[in-house]
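Peer 1: just coords:
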DNA sequence: TTGTAAGCGTTATCAA
DNA sequence: TTGATAACGCTTACAA
């Protein structure tokens, strides 16, 4: 009875979303019937259902998921927090993750951060504001206080390639250290005499792990090596690193770049500026296996991050996940032509 | 694993978001005071305000924007609908657009479609479900009925490089036709005798415009040319196109590729499989100016899409836009080394 | 099967 | 400056 005095005729005025009430009115049924029809819960007779669907169609009705989320249903929103999303590896990962999430009926906010704690924290706060079911941190390290808040609010938090040690967060890691060690082994097997590691000023846990795996293996093998950090993780930094290293009196003849982008810049400069023959004079190994690594101008030998698998795991953890679990994924060497198969 | 049978709906400690009511209770004030404090509207005394902020801090409170959107405020959600988001051009654009949008306090859903009408429509429906303020269609063509529904519901719809003629949608276009014509002029000036256009099986309006601009100019200049479509818009299709064209008895000596990715695949194959010297034997022009185009192995002469400007325009239109406007952006030629400067 | 009514977390209105 | 109270659009007991 306590029906509102007079709803100003929910006609198709431009600018107002159609609500279940409008549909109910038009179909001559109650709001609940409309709700039941669209949420699938409860039962509706075929006749009413048809009337409702038709009214909804005519009005252009679309259930308001925001309001739905208010009553306690999951929001179906997942927050992807990342930096440098225009770069090949990151964008490839986001491509796969959004695809997987969508396949499970989720919708993804992509939040583009600068990677620093402040902007990652801001992103996490947005995730909270929109009641996202889960926050997936692909780059940067959030403040652990904020992560705690997310967890306390019932959000799932998934850290990809981060080394945070908060309890209850899920972690997904790729074994960069092992790849680093294997890179050294490959260079050694190829007969390289002076090896080097090209890294980045961005000292993220995943980059550091690769470096350290390489360094540890070098130390164990009694091989000296240096680490170059000429800039952030980019093609240009690879170029710059090559200028630095290959201009020396005793340049390296075997290089592990912690990222393919660095490796490609390094290769180009080694060839076109220093006229090196790869792999005869110089062996180069990358990491990621971005699409460009297999382009004919490069043929980069690298370690492949299994992004489909990473995306699948992320989706699986977000959907039904077990909190506080850490998963480690292996990285696979991809042989192409930037490393000699035998001793020089 | 979680049993579908509902638990007796007890209150679960972990897993409930903190609400304004909780904060109010803890601070010993009313809900309204809390609301006023966080929404900025109305006035609160410094004392109450401090108490509230402290309680909120302790509880880890974050206002629920979903509920806020319910009362009529803008949701601050923008939907970005795109395909192939792992590719350089698309991901670069998304990077810029999300950045701009965030700078204006918006948050972006990125919906990854297959580009076909069905999946684009699905994306648009999601946009409606979440009461996004605006839908930005970066790839694919949505059904115009659905676009109408969005508009009727007060959403802003922005079509980027689409040729839809719905009224009231905003349109942002890049002048591909002119670039196509200019490409022909450049090849002609370089003294190319047999020109060709390498395109894609994906007949999107933007790709077609580039092709047609080239074709029209060729016709006007009385130059014969063919169009090759060996696959979708990718590096591999560029490779395949080169195999097809350069294997002929009378291969082209000037090629316009409607996308940089196609151009790079073409270049690699021309050089490494057919041993062409670029630009001496063969001139190649691309379109987009993706980061890889300037890498030392390529030095591709191309047309630059002004993505910062595109992103700015998108943000401006979404924020304060004037509906039904079409903006055309010019494309700039970027001279590098894949086209001769003088006649051969 | 259907409708009524309560509740979800906000904000806006209006008294106090 | 404050605090009730009524929306907002939805779901879901509960009653008819």
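Peer 2: Nice, I can see it. Given the structure is predicted, the values throughout are model-derived calculations rather than measurements. Residues are numbered from 1 along each chain as shown, chains lettered A, B, ... in the order given.

Peer 1: could you pull out the helices for the stretch 151-300 of chain A?
Peer 2: A:176-189, A:205-221, A:235-246, A:260-272 (DSSP state H, counting those that start in this stretch).

Peer 1: quick check: the gap between residue A:243 and residue A:198.
Peer 2: Going from residue A:243 to residue A:198 by Cβ to Cβ, to the nearest Å gives 12 Å. In this view, the C-beta of every residue, glycine as well, is placed from N, C-alpha and C.

Peer 1: of the two, who's got more company?
Peer 2: Between residue A:243 and residue A:198, residue A:198 has the larger neighbour count (other Cβ atoms under 10 Å in any protein chain shown), namely 30 against 15.

Peer 1: does the more buried one touch residue A:256 like I think?
Peer 2: Yes. Counting by Cβ atoms under 8 Å, residue A:198 does reach residue A:256; the two are 7.1 Å apart.

Peer 1: how far away is the closest residue to residue A:192 other than its chain neighbours from residue A:190?
Peer 2: In space, and not counting its chain neighbours, residue A:192 is closest to residue A:254: 2.8 Å by Cβ to Cβ, 6 or more residues apart in numbering or on different chains. According to Cβ to Cβ, residue A:254 and residue A:190 sit 7 Å apart.

Peer 1: same thing with residue A:333?
Peer 2: Distance of residue A:333 to residue A:190, given as Cβ to Cβ: 13 Å.

Peer 1: give me the more crowded residue out of these two.
Peer 2: Neighbour count, other Cβ under 10 Å: between residue A:333 and residue A:190, residue A:190 has more, with 20 against 16.

Peer 1: what sits closest to that one if chain neighbours are left out?
Peer 2: Closest residue to residue A:190 apart from its sequence neighbours, by Cβ to Cβ, 6+ apart: residue A:340 at 4.2 Å.

Peer 1: that neighbour: neighbouring residues, count only.
Peer 2: Residue A:340: 22 surrounding residues under other Cβ under 10 Å.

Peer 1: right, and it touches residue A:284 too?
Peer 2: No. Contact between residue A:340 and residue A:284 fails when scored by Cβ under 8 Å: they sit 10.8 Å apart.

Peer 1: my guess is residue A:214 meets residue A:256, correct?
Peer 2: Yes. Here residue A:214 lies in contact with residue A:256, judged by Cβ under 8 Å, at a distance of 5.3 Å.

Peer 1: quick one, which of these two is more surrounded?
Peer 2: Using other Cβ under 10 Å, the more surrounded residue of residue A:214 and residue A:256 is residue A:256, with 34 against 29.

Peer 1: residue A:293: what's it in contact with?
Peer 2: Neighbour list for residue A:293: A:260, A:263, A:264, A:286, A:300, A:302, A:334, A:336 [criterion: Cβ atoms under 8 Å, 6 or more residues apart in numbering or on different chains].

Peer 1: for chain A, what lies in contact range of DNA strand C?
Peer 2: When proximity is defined as Cβ under 7 Å from any atom of the strand, chain A approaches DNA strand C at A:1-2, A:28-33, A:36, A:42-45, A:47-49, A:67, A:70-72.

Peer 1: show me what contacts residue A:81?
Peer 2: Listed by Cβ under 8 Å, 6+ apart, the contact set of residue A:81 reads A:111, A:113, A:120, A:123-124, A:127, A:135-140, A:142.

Peer 1: out of those residues, which are inside strands?
Peer 2: Using DSSP state E, the subset of the contacts of residue A:81 located in strands is A:111, A:113, A:135, A:136, A:137.

Peer 1: pick out whichever of those sits closest to residue A:153.
Peer 2: Taking Cβ to Cβ as the measure, residue A:153 lies nearest residue A:135 of the ones in strands among the contacts of residue A:81, at 10.6 Å.

Peer 1: mind listing what residue A:18 touches?
Peer 2: A:10, A:59, A:60, A:61, A:62, B:153.

Peer 1: would you mind measuring from residue A:324 to DNA strand C?
Peer 2: 25 Å (Cβ to the nearest atom of the strand, to the nearest Å).

Peer 1: just checking, that residue touches residue A:166?
Peer 2: No. Assessed by Cβ under 8 Å, residue A:324 is found out of contact with residue A:166, at 9.1 Å.

Peer 1: neighbour count winner among the two?
Peer 2: Counting neighbours by other Cβ under 10 Å for residue A:324 and for residue A:166 shows that residue A:166 has the greater number, 17 against 12.

Peer 1: thinking again about what came up before, mutual contacts of residue A:214 and residue A:256, please.
Peer 2: With Cβ under 8 Å, 6+ apart as the test, residue A:214 and residue A:256 both reach A:180, A:183, A:184, A:197.

Peer 1: how about the third one: what's its closest non-neighbour residue?
Peer 2: Read it as residue A:184. residue A:217 (4.0 Å).

Peer 1: so what strands line up beside the helix or strand where residue A:82 lies?
Peer 2: Assigned by DSSP states H and E, residue A:82 belongs to strand A:77-83. When sheet partners are counted by DSSP bridges, strand A:77-83 sits next to strand A:107-113 (parallel), strand A:134-137 (parallel).

Peer 1: next structured bit after that strand?
Peer 2: helix A:88-103.

Peer 1: next one: that following helix to chain centre, how far?
Peer 2: 7 Å (Cα atoms, centre = their mean, to the nearest Å).

Peer 1: now it against strand A:107-113, angle please.
Peer 2: 160 degrees (axes from the mean of the first three to the mean of the last three Cα atoms, to 10 degrees).

Peer 1: got the buried residues for helix A:88-103?
Peer 2: A:88-102 (16 or more other Cβ atoms under 10 Å in any protein chain shown).

Peer 1: show me what from chain A comes close to DNA strand D.
Peer 2: For chain A, the residues in contact with DNA strand D (Cβ under 7 Å from any atom of the strand) are A:4, A:16-17, A:19-21, A:31-32, A:35-36, A:38-39, A:41-42, A:63-64, A:67-68, A:70-71, A:73.

Peer 1: and those, which are buried?
Peer 2: Buried among the residues of chain A next to DNA strand D by 16+ other Cβ under 10 Å: A:17, A:19, A:20, A:35, A:36, A:38, A:63, A:64, A:67, A:68, A:70.

Peer 1: tabulate the residues you listed (JSON lines), appending pLDDT.
Peer 2: Shown next, in JSON lines, are those (pLDDT from 0 to 100):
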{"residue": "A:17", "pLDDT": "91"}
{"residue": "A:19", "pLDDT": "92"}
{"residue": "A:20", "pLDDT": "92"}
{"residue": "A:35", "pLDDT": "91"}
{"residue": "A:36", "pLDDT": "91"}
{"residue": "A:38", "pLDDT": "90"}
{"residue": "A:63", "pLDDT": "92"}
{"residue": "A:64", "pLDDT": "93"}
{"residue": "A:67", "pLDDT": "91"}
{"residue": "A:68", "pLDDT": "87"}
{"residue": "A:70", "pLDDT": "86"}
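
Peer 1: pull the most distant pair out of those.
Peer 2: Pairwise over those, using Cβ to Cβ, the maximum falls at A:17 and A:36, 20.1 Å.

Peer 1: what's the span of stretch A:272-284, first residue to last?
Peer 2: 15 Å (Cα to Cα, to the nearest Å).

Peer 1: in the stretch 101-250 of chain A, which residue sits closest to DNA strand D?
Peer 2: Going by Cβ to the nearest atom of the strand, DNA strand D is nearest to residue A:131 of the stretch 101-250 of chain A, at 12.7 Å.
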